[in-house]
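Chemist: 3D, please:
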Amino acid sequence: MWSIYIAALAGGGLGLLLWWLAMFLLRQANWNSMGQRLSEIRGKDKRSEELKYHNEAIYRDFEYFFKVTLALLGGIAYVVTRQDGNVMNMVKVLLPIAGGLQLVAGVVFALFIFYHQKSKIERWEDRFLWWWPFLWQECWMVTAMFSVSAGISFGAVPLLLGRL
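Modeler: Residues are numbered from 1 along each chain as shown. As a prediction, this is how the structure comes out:
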């Protein structure tokens with residue numbers, strides 16, 4: 001059981017580190033050390049509308065991630081609880097596939113959130129401080145997605161396979 005917690009914490013830590021690194025690189029790409037923009041602000045006339053669109057898109061991506069996660073967990077629960085002996089060989093094949101799909105979903109939806117956040121940052125006038133990304137909700141969405149995906153893929157699936 002501890003393997004699930006360890007995998008989830010390691011995945012969350014990795015997600016947090018990758019998020020901060022990506023935001024730091026975006027900060028460096030958009031502003032100089034004096035806080036002046038290196039390029040023109042995108043979407044000058046419709047900036048607030050575009051920021052609203054990207055905020056809503058981030059929420060949709062996070063929602064889709066959890067829909068995929070719940071569907072995969074439901075499928076795992078259904079397959080694992082089958083008692084038919086012929087099904088057990090199929091279960092041993094399907095569980096790693098479900099874990100892999102969960103991992104891919106976590107990474108892909110985290111990338112979607114990153115791209116929307118990148119588009120938002122390119123529309124900001126002021127440079128953000130290095131620690132501000134830890135206060136943004138997108139940071140904790142990505143961290144949770146990495147944590148859940150790693151916990152399922154590297155913790156729960158191997159544990160279930162070991163008990164079959």
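Chemist: which stretches of the protein form helices?
Modeler: Remark: helices assigned in the chain by DSSP state H are 2-30, 47-80, 85-121, 137-150, 157-163.
Chemist: let me know which of those helices is tucked in deepest.
Modeler: Highest mean neighbour count among these (mean count of other CB atoms under 10 Å): helix 137-150, with a mean of 22. In this view, the C-beta of every residue, glycine as well, is placed from N, C-alpha and C.
Chemist: returning to that earlier point: ok, which of the helices of the chain comes nearest Phe128?
Modeler: helix 2-30 (6.4 Å; CB to CB).
Chemist: how near is Gly99 to Ala105?
Modeler: Per CB to CB, to the nearest Å, Gly99 is found 11 Å from Ala105.
Chemist: of all the helices of the chain, which one comes closest to Arg127?
Modeler: helix 2-30 (6.5 Å).
Chemist: packing partners for the closest one?
Modeler: Contact analysis of helix 2-30 by 3 or more CB pairs under 8 Å, 6 or more residues apart in numbering; DSSP states H and E lists helix 85-121, helix 137-150, helix 157-163 as its packing neighbours.
Chemist: mean pLDDT and distance to Trp2 added to these, as JSON lines?
Modeler: What follows is the helices and strands packed on helix 2-30, written out as JSON lines (pLDDT from 0 to 100; distance: least, CB to CB, whole Å):
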{"stretch": "helix 85-121", "mean pLDDT": "92", "distance to Trp2": "18"}
{"stretch": "helix 137-150", "mean pLDDT": "97", "distance to Trp2": "14"}
{"stretch": "helix 157-163", "mean pLDDT": "90", "distance to Trp2": "10"}
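Chemist: can you put those helices in CSV and add distance to Ser3?
Modeler: Converted to CSV, those look like this (distance: least, CB to CB, whole Å):
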stretch, distance to Ser3
helix 85-121, 13
helix 137-150, 11
helix 157-163, 6
